[in-house]
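J.: Sequence and computational prediction follow.
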Amino acid sequence: MQNEHFKDTMDSSSPHNLWDEIFKAIVSSMPSQLFPLFREVFGREYPPDTPIVLLSSETSSFPENPKAPPSSSLMDVALLVSGTDYYHLECQMQNDHEMVIRMFVYDIRFSLTHTRTVNDSGDILLRFPHSTIIYPEKNEAIPETLKCRILFPDGSEHLYQVPTVRIQNYSLEEIKRKHLTLFVPYLLLRLRPRLMQKNAKKLTEYELTNFMKEVILLLQEELTSGYLSRQEYNRYLYLFQLTADRILEHEPHLHKEAAKMTECLIKFPDQIVEELKAENQAYKAENQAYKTENQTYKAENQAYKAENQKLRALLAQHGIDSSEVENY
C-alpha cells in the first residue's frame with residue numbers, strides 16, 4: 001500500500017513541477033537519504049536512525065505576531081533533525097539571480113516560525129537554518145555559493161551565503177562513493193541537451209541504454225551493500241522511470257527502450273507475488289462474471305420452461321395435442 005501511495009503522489013500528470021515533486025517525494029518517504037547530502041554540503045554526520053521531522057513549509061509573514069496564521073509563502077522543504085538541527089532545502093531548475101534574496105526572506109520567515117526565542121536579557125533571537133539550493137540541471141553559471149552582503153546603518157556588515165548543490169557536476173563514481181543516491185532520479189537530465197542535437201550528435205539508443213545500465217548498476221550496488229532497502233531501491237527505480245517518461249516523451253523509440261530496462265528490473269519477488277495475486281483476483285472476478293452470466297441464462301431457461309408448461313396446459317384444456325402444434 002505504501003508503494004501505491006508513493007506512486008499516486010508522483011503521478012507525472014501532476015500540474016506542479018515534476019522535479020520539485022521528485023525531491024519532496026524522496027524527503028517525505030525516504031528522509032534518511034538526506035544524510036549523505038548533509039555530510040557533503042554541511043559536513044554534518046548523523047546515524048541512520050536519527051529522527052527527522054518534516055516542518056511546515058508555510059511561514060508566517062506577521063513578525064509582530066508569531067502566533068498569526070501562516071501566509072501563502074511556501075518553501076520546498078523544512079526539517080528538524082535530531083531534535084536540534086534545522087534545515088531549509090530548495091530545488092531550483094533555473095539560474096535565478098534573485099534566488100539568494102528569496103532564500104534570505106525564506107530563512108527570516110523560517111526563523112520567525114520555527115526558531116524564534118528570547119534570551120535571559122529579553123533579546124529576541126532568530127536562529128537561521130542550514131540552507132542549500134539543489135540544482136538538478138547543468139548550468140556552468142551557477143556558483144558554488146550564492147552570496148548577499150547586508151550593510152547596517154551602523155556600518156556593520158554581514159555576509160549571508162547559501163551553498164549550492166549542482167547535481168550534474170558529480171560523476172557516477174562520485175555519487176556512488178558518497179552515497180548521494182537521491183541524485184539518481186535527475187541523472188537523465190544530463191542527456192537532455194543531446195536530444196536536441198541533430199544527425200550524428202543526437203543521442204543514440206546505445207548511449208542511452210549504456211548510461212541507464214550504469215545508473216541501475218549503481219542502485220544495485222547500493223542495495224547489495226545495505227545503503228538502500230529493497231523498498232527504497234524500488235522507489236528510486238520508479239522515479240528513474242518517471243523521469244525517463246518525461247525526458248523521452250518526444251522520442252518514442254528511446255522511450256520504449258528506457259521503459260524495457262526499468263520495467264524488467266523493477267520486479268522483485270514480493271512484487272511478482274503481488275502481481276500474481278492481482279492476476280488471480282482478475283481471474284476470480286472474470287469467473288464470477290461468467291457464473292453470474294450463467295445464472296442469468298439458467299433463470300431465463302427456467303422462465304422459458306415454465307412458459308412452455310403453461311402453453312402445454314392451455315392446449316390440453318382445449319383438447320389439443322401439443323405435439324401436433326410442434327409438428328405444425
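T.: The structure has been received and is ready for your questions. Numbers count the residues shown, from 1 in each chain.
J.: Now for the nearest residue to residue 244 once chain neighbours are set aside: which residues touch it?
T.: Among residues not flanking residue 244 along the chain, residue 258 sits closest, at 4.1 Å (Cβ to Cβ, 6 or more residues apart in numbering). Glycine gets a C-beta too; all of them are placed from N, C-alpha and C. Counting by Cβ atoms under 8 Å, 6 or more residues apart in numbering, residue 258 makes contact with 208, 209, 212, 241, 244, 248.
J.: Just name the closest of these to residue 49, please.
T.: Using Cβ to Cβ, the shortest approach to residue 49 within the contacts of residue 258 belongs to residue 241, at 29.4 Å.
J.: Quick one: list the elements packing against the longest strand seen in the chain.
T.: Longest among the strand segments of the chain by residue count, using DSSP state E, is strand 157-166. Here strand 157-166 touches helix 35-42, helix 99-110, strand 130-135, strand 145-151, going by 3 or more Cβ pairs under 8 Å, 6 or more residues apart in numbering; DSSP states H and E.
J.: Most neighbours among the contacts of residue 258, which one is it?
T.: The most neighbours of any of the contacts of residue 258, using other Cβ atoms under 10 Å, belong to residue 208, which has 24 neighbours.
J.: which residues touch the nearest residue to it once chain neighbours are set aside?
T.: Once flanking residues are discounted, residue 208 sits nearest to residue 254: 5.5 Å by Cβ to Cβ, 6+ apart. Taking Cβ under 8 Å, 6+ apart, we find residue 254 in contact with 195, 203, 205, 208, 248.
J.: Got the phi and psi for the residue nearest to the second one when sequence neighbours are not counted?
T.: Nearest-residue entry for residue 203: residue 194, 3.8 Å, with adjacent residues in sequence omitted and distances by Cβ to Cβ, 6+ apart. Note on residue 194: its backbone torsions stand at phi -70, psi -30 [degrees, to the nearest 10].
J.: Roughly how far does residue 194 sit from residue 88?
T.: Taking Cβ to Cβ, to the nearest Å as the measure, residue 194 falls 34 Å from residue 88.
J.: go on, residue 219?
T.: Note on residue 219: its distance to residue 88, by Cβ to Cβ, is 28 Å.
J.: which of these two has more neighbours?
T.: residue 88 (26 against 21).
J.: now the protein, which segments are flagged as low pLDDT?
T.: Under the criterion pLDDT under 70, the flagged ranges of the chain are 1-16, 59-73, 264-272, 275, 322-328.
J.: Going by contacts, tell me the helices and strands next to the one helix or strand residue 232 maps to.
T.: Using DSSP states H and E, the element containing residue 232 is helix 230-247. With contacts defined as 3+ Cβ pairs under 8 Å, 6+ apart, helix 230-247 has these neighbours: helix 2-9, helix 18-29, helix 205-224, helix 252-265.
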